[in-house]
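Enquirer: pasting a predicted model and its sequence here:
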Amino acid sequence: AQTVTQSQPEMSVQEAETVTLSCTYDTSESDYYLFWYKQPPSRQMILVIRQEAYKQQNATENRFSVNFQKAAKSFSLKISDSQLGDAAMYFCAYGHSGGGADGLTFGKGTHLIIQP
Amino acid sequence: NAGVTQTPKFRILKIGQSMTLQCAQDMNHNYMYWYRQDPGMGLKLIYYSVGAGITDKGEVPNGYNVSRSTTEDFPLRLELAAPSQTSVYFCASSYAQGEISPLHFGNGTRLTVT
């Protein structure tokens, strides 16, 4: 079974600074998908960014980017120019290829605090 | 377009009571899921469905039942509620299109069993 590990229960960063959240995963598959979800205090789960394992290029979405290291099975999230609205729980998630019928496997999350 | 709608938002149950958590999506998604989120534990899959009439167990199915009579609805039934079922429950859906698509989540139901 796949596992997703987020080794940082909590991270703190000054507003406007850059922070990197770590994620590692374990799989024997070569084709899969990785996601970062954000959960603010409102409890809503919001997709931040996704990465297809077959793509070598790291995904970016505005201030959010990933460092995908397939051989190391590492998928970190970098948030640039941190804003107060970025404060949330961040979950890394893994999905099988082929449609992902059996859902995603989630890490335990990292609580991100933004210091004003 | 409401997305994924979950009801109720909050509920308190006594031990041994039963209830159904409702989930509906209006995006014509094939796949639907129920997750539970415990503090510090991430999300764990309870049940999932790949289409009307088809359901399957996830990682933590004990104490729960589901049905999928329509594409839109995927209710989760708790029989004989136990304190261990105190959690936040999320329903999610996705569209099967050959490659995996992101999950679209409802806003969750906070359930307390006392």
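Expert: Perfect, I can see it now.
Enquirer: what parts of chain B come near chain A?
Expert: Residues of chain B lying near chain A by CB under 8 Å from any CB of the partner chain: B:31, B:33, B:35, B:40-45, B:48, B:50, B:56, B:58, B:88, B:90, B:92, B:94, B:96-103, B:105, B:107-108, B:110. C-betas here are computed from N, CA, C, even on glycine.
Enquirer: let's go with 7 Å and repeat that
Expert: Chain B comes close to chain A at residues B:31, B:33, B:40-43, B:45, B:48, B:50, B:58, B:88, B:90, B:94, B:96, B:98, B:100, B:102-103, B:105, B:107-108, as judged by CB under 7 Å from any CB of the partner chain.
Enquirer: buried subset of these as a PyMOL selection?
Expert: PyMOL command restricting the residues of chain B next to chain A to the buried ones, with burial defined by 16 or more other CB atoms under 10 Å in any protein chain shown:
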select buried, chain B and resi 31+33+42+43+45+48+50+58+88+90+94+96+100+102+103+105+107+108
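Enquirer: out of the residues of chain B next to chain A, which are inside strands?
Expert: Counting by DSSP state E, the residues of chain B next to chain A place B:Tyr31, B:Tyr33, B:Leu43, B:Leu45, B:Tyr48, B:Val50, B:Val88, B:Phe90, B:Ser94, B:Phe105 in strands.
Enquirer: host element of A:Asn67?
Expert: strand A:64-69 (DSSP states H and E).
Enquirer: OK, contacts around A:Tyr32?
Expert: Counting by CB atoms under 7 Å, 6 or more residues apart in numbering or on different chains, A:Tyr32 touches A:Ala53, A:Tyr94, A:Gly95, A:His96, A:Ser97.
Enquirer: now the buried members of those.
Expert: Judged by 16+ other CB under 10 Å, buried ones among the contacts of A:Tyr32: A:Ala53, A:Tyr94, A:Gly95, A:His96, A:Ser97.
Enquirer: leaving out chain neighbours, which residue sits closest to the last one?
Expert: Sequence neighbours aside, A:Asp31 is the residue nearest to A:Ser97 in space, at 4.0 Å (criterion: CB to CB, 6 or more residues apart in numbering or on different chains).
Enquirer: now the fourth one
Expert: Of all residues beyond its chain neighbours, the one nearest A:His96 is A:Tyr32 (6.0 Å), with distances taken as CB to CB, 6+ apart.
Enquirer: quick check: the one you found vs B:Arg110, distance?
Expert: Per CB to CB, to the nearest Å, A:Tyr32 is found 31 Å from B:Arg110.
Enquirer: tell me if the least confident helix or strand in chain A by mean pLDDT is near chain B.
Expert: Lowest on mean pLDDT, DSSP states H and E among the helices and strands of chain A sits strand A:104-106, with a mean of 92. Yes: contact of strand A:104-106 with chain B (CB under 7 Å from any CB) involves A:Leu104, A:Phe106.
Enquirer: name every strand pairing with the helix or strand that that strand is followed by and say which way it goes.
Expert: Sequence-wise, the next helix or strand downstream of strand A:104-106 (DSSP H and E) is strand A:110-115. Each strand paired with strand A:110-115, and its direction, by DSSP bridges: strand A:10-14 (parallel), strand A:88-96 (antiparallel).
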